[in-house]
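A.B. asks: The sequence and its predicted three-dimensional model are supplied below.
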Amino acid sequence: MKRTLPLFWLLPCLALLALSNAGCHHGRAKAKDDPILRLGADESLAQGKTFLAQKKYARARPFFTHAFEVEPNSATGREALLLSADTFYLEGGATNFVQAEAKYRDYLNRFPTSEQAAYVQFQIANSLAKRMERPDRDQSVTRKALEAYDDLIRLYPTSEYADQAKEQSQVVRGNLAEHEFLVGEFYLRYGAPQAAVDRFEYLLKNFPSYAQKDKVIYFLGVAYGDNKKPEEAKKAFERLKKEYPQSPYAGEAPDQKVGQ
């Protein structure tokens, strides 16, 4: 026997279906009423640039997005995609720098031979560097920033951004070097002098331009002394006094530890 649902069961279902259809129609109508969607790519790009010049980055972004979606492979579309990335970078903030990096990478993946490639690589590195943590925090993003700057210098050595990348990479390297020092100091403070020695020697070898090498050499000597290696400690302190005679650390070499 064929069974039918009671009418009071069907009415709520029909009502929900009607509301759903109405919502879909309303959404489509609202989308069609969006004035941005009526613009061509060039018009949308121009309007976005107007807002960009006024530093209204969030307002500019939808126009750049639309221009790119309309003509993704044209010169207009490429410019719009790049400017969209710029709006995230210029607006700033951790979340926006993440978005900027993603947009710049998207641009470079789509248009690897673009004449803007060096600039885009530079901005990828900058977006990472802006998220760099303090030396006593995790340095995974810092290492990515350094890699990105090094990639720019390697891939685009004659570009106008190469010298800036070299300068910025030194700032990033300084942050990484200070992180290594803090880790070594931690090991020394908590009774692991050999681990401290390894960190300080690694720092001196891999970050030769670190601005506070005198500090590192001093603590290297202390670590050797705590590790019962008086000859190595003596050599470290002698090096400190020879290379950095004016350093405040030069007069603090703990001679009493050298023979322990």
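C.D. replies: Here it is on my side, so go on. Numbers count the residues shown, from 1 in each chain.
A.B. asks: drop to CA atoms for contacts and neighbour counts, all remaining ones
C.D. replies: Will do.
A.B. asks: Select the helix or strand of this structure having the lowest average pLDDT value.
C.D. replies: Lowest on mean pLDDT, DSSP states H and E among the helices and strands of the chain sits helix 255-258, with a mean of 47.
A.B. asks: excluding its backbone neighbours, what's nearest residue 194?
C.D. replies: residue 227 (6.3 Å; C-alpha to C-alpha, 6 or more residues apart in numbering).
A.B. asks: Ramachandran angles for the one you found?
C.D. replies: Main-chain torsions, residue 227, degrees, to the nearest 10: phi -90, psi 10.
A.B. asks: gap between the residue sitting nearest the centre point of the chain and residue 89?
C.D. replies: The residue lying closest to the centre of the chain (C-alpha atoms, centre = their mean) is residue 128, at 1.2 Å. Distance from residue 128 to residue 89, counting by C-alpha to C-alpha, to the nearest Å: 11 Å.
A.B. asks: on that earlier part again, isn't the residue nearest to the centre of the chain right up against residue 139?
C.D. replies: No - taking contacts as C-alpha atoms under 8 Å, residue 128 lies outside contact range of residue 139: 11.1 Å.
A.B. asks: which residues make contact with stretch 102-112 from outside it?
C.D. replies: When contacts are defined by C-alpha atoms under 8 Å, 6 or more residues apart in numbering, stretch 102-112 is touched by residues 78, 81-82, 84-85, 114, 117, 120-121, 123-124.
A.B. asks: Buried only: go through those residues for me.
C.D. replies: Buried by 16 or more other C-alpha atoms under 10 Å: 78, 81-82, 84-85, 117, 120-121, 123-124, out of the contacts of stretch 102-112.
A.B. asks: Give me the subset of the residues you listed lying in helices.
C.D. replies: Residues from the buried ones among the contacts of stretch 102-112 lying in helices, with DSSP state H as the criterion: 78, 81-82, 84-85, 117, 120-121, 123-124.
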